[in-house]
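*Asks:* Just the structure for this:
(one chain, ligands or ions: 3)
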Amino acid sequence: MRVQVVEHPLVAHKLTVLRKKETPSITFRQLTEELVMLLAYEATRDVAMEDVDIQTPVTSTTGRRLARPTPLVVPILRAGLGMLEGMVRMAPTAEVGFLGMARNEETLDIVTYAERLPADLTGRHVFVLDPMLATGGTLVESIRFLYERNASRVTCICLLAAPEGIERLERELEGVEVDLFVAAIDERLDENAYIVPGLGDAGDRLYGLAE
Ligand SMILES: O=P(O)(O)OC[C@H]1O[C@H](OP(=O)(O)OP(=O)(O)O)[C@H](O)[C@@H]1O
Ligand SMILES: O=c1cc[nH]c(=O)[nH]1
Ligand SMILES: [Mg+2]
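*Replies:* Ligands and ions are numbered 1, 2, ... in the order given. All right, here's what the predicted structure looks like:
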């Protein structure tokens with residue numbers, strides 16, 4: 001697995017505001033969108049491209065565009081949905097599939113409650129969106145799911161990751177091709193498997209209380 005922390009003053013600034021407990025949902029949603037745009041810029045740096053012949057008002061020329069089959073963006077519901085708009089704005093030809101997964105907060109087991117994806121992902125570069133990589137359970141499950149459907153490549157974009165989660169991905173997905181882009185790697189998980197210092201429950205901060 002390749003892990004890249006996107007170090008940029010704008011990322012650091014926006015992330016700090018996002019972490020603050022007094023930041024309201026409306027600002028939290030906007031910052032999430034902006035952060036994903038900055039992370040997507042790095043995460044798509046080596047995306048597959050192809051030539052395309054076009055006419056400008058002056059002449060004909062050959063330009064470059066995202067290759068086909070186009071990238072597939074997969075937000076992990078619910079919190080990943082907050083990252084979708086920013087991502088598709090950056091990669092306008094991308095298609096979107098959905099995975100709904102929730103962590104049982106007592107057992108930390110992952111429940112997959114929704115799935116709407118092409119049955120065959122052969123040749124597809126999949127971008128998984130989930131703001132939080134905590135124990136890593138959710139991401140391991142999603143990445144396995146996508147490779148079982150023959151995805152050719154998986155790139156994950158997260159806002160925050162815990163070292164424990166990254167280690168789990170490296171352990172459980174040894175030899176699996178995965179790129180991970182994050183705005184920051186935090187210190188640790190607390191006794192409830194929340195990221196410290198973190199930003200709290202991303203889904204709740206975006207959309208309100210789950211229960
Ligand atoms: O690395 P893990 O320990 O698996 O935890 C991370 C997961 O927890 C959060 O989702 P949650 O289960 O709270 O669902 P939600 O998005 O509906 O709030 C987060 O968005 C990740 O999907
Ligand atoms: O810190 C955490 C851990 C898991 N899920 C969240 O939303 N936040
Ligand atoms: Mg949640």
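*Asks:* burial measure for residue 29, as a count.
*Replies:* A count of neighbours around residue 29, defined by other Cβ atoms under 10 Å, yields 16. For glycine as for every other residue, the C-beta is placed from the backbone atoms N, C-alpha and C.
*Asks:* List the contacts of residue 181.
*Replies:* Listed by Cβ atoms under 8 Å, 6 or more residues apart in numbering, the contact set of residue 181 reads 4, 6, 39, 42, 43, 155, 156, 157, 158.
*Asks:* repeat that with 6 Å
*Replies:* Contacts were defined as Cβ atoms under 6 Å, 6 or more residues apart in numbering; by that measure residue 181 touches 4, 6, 39, 42, 43, 157.
*Asks:* Out of these, which sit inside strands?
*Replies:* Cross-referencing the contacts of residue 181 against strands under DSSP state E gives 4, 157.
*Asks:* how about CSV for the contacts of residue 181, with distance to residue 194, neighbour count and pLDDT added?
*Replies:* Conversion of the contacts of residue 181 to CSV gives the following (distance: Cβ to Cβ, whole Å; neighbours: other Cβ atoms under 10 Å; pLDDT from 0 to 100):
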residue, distance to residue 194, neighbour count, pLDDT
4, 24, 13, 98
6, 22, 20, 98
39, 21, 25, 98
42, 26, 15, 98
43, 25, 24, 98
157, 20, 28, 98
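*Asks:* Closest one to ligand 3 out of the contacts of residue 181, please.
*Replies:* The shortest separation between ligand 3 and any of the contacts of residue 181 is 17.5 Å, and it belongs to residue 157 (by Cβ to the ion).
*Asks:* Compute the distance between the residue lying farthest from the centre of the chain and residue 171, please.
*Replies:* Within the chain, the residue lying farthest from the chain centre (Cα atoms, centre = their mean) is residue 58, at 39.9 Å. Taken as Cβ to Cβ, to the nearest Å, the spacing of residue 58 relative to residue 171 amounts to 56 Å.
*Asks:* Which pLDDT value goes with the spatially most central residue of the chain?
*Replies:* Against the mean C-alpha coordinate of the chain, by Cα atoms, centre = their mean, the closest residue is residue 129 at 2.2 Å. Reported pLDDT at residue 129 in the predicted model: 98.
*Asks:* contacting residues for it?
*Replies:* Remark: with contacts taken as Cβ under 6 Å, 6+ apart, residue 129 is in contact with 75, 80, 83, 87, 157.
*Asks:* who in the protein is up against ligand 1?
*Replies:* Taking Cβ under 6 Å from any ligand atom as the criterion, the neighbours of ligand 1 within the chain are 76, 78-79, 101-103, 108, 110, 130-138, 165, 193, 201-203, 210.
*Asks:* switch the cut-off to 8 Å
*Replies:* In this structure, the chain approaches ligand 1 at residues 76-80, 100-103, 105, 108, 110, 130-139, 141, 162, 165, 193, 201-204, 207, 210, judged by Cβ under 8 Å from any ligand atom.
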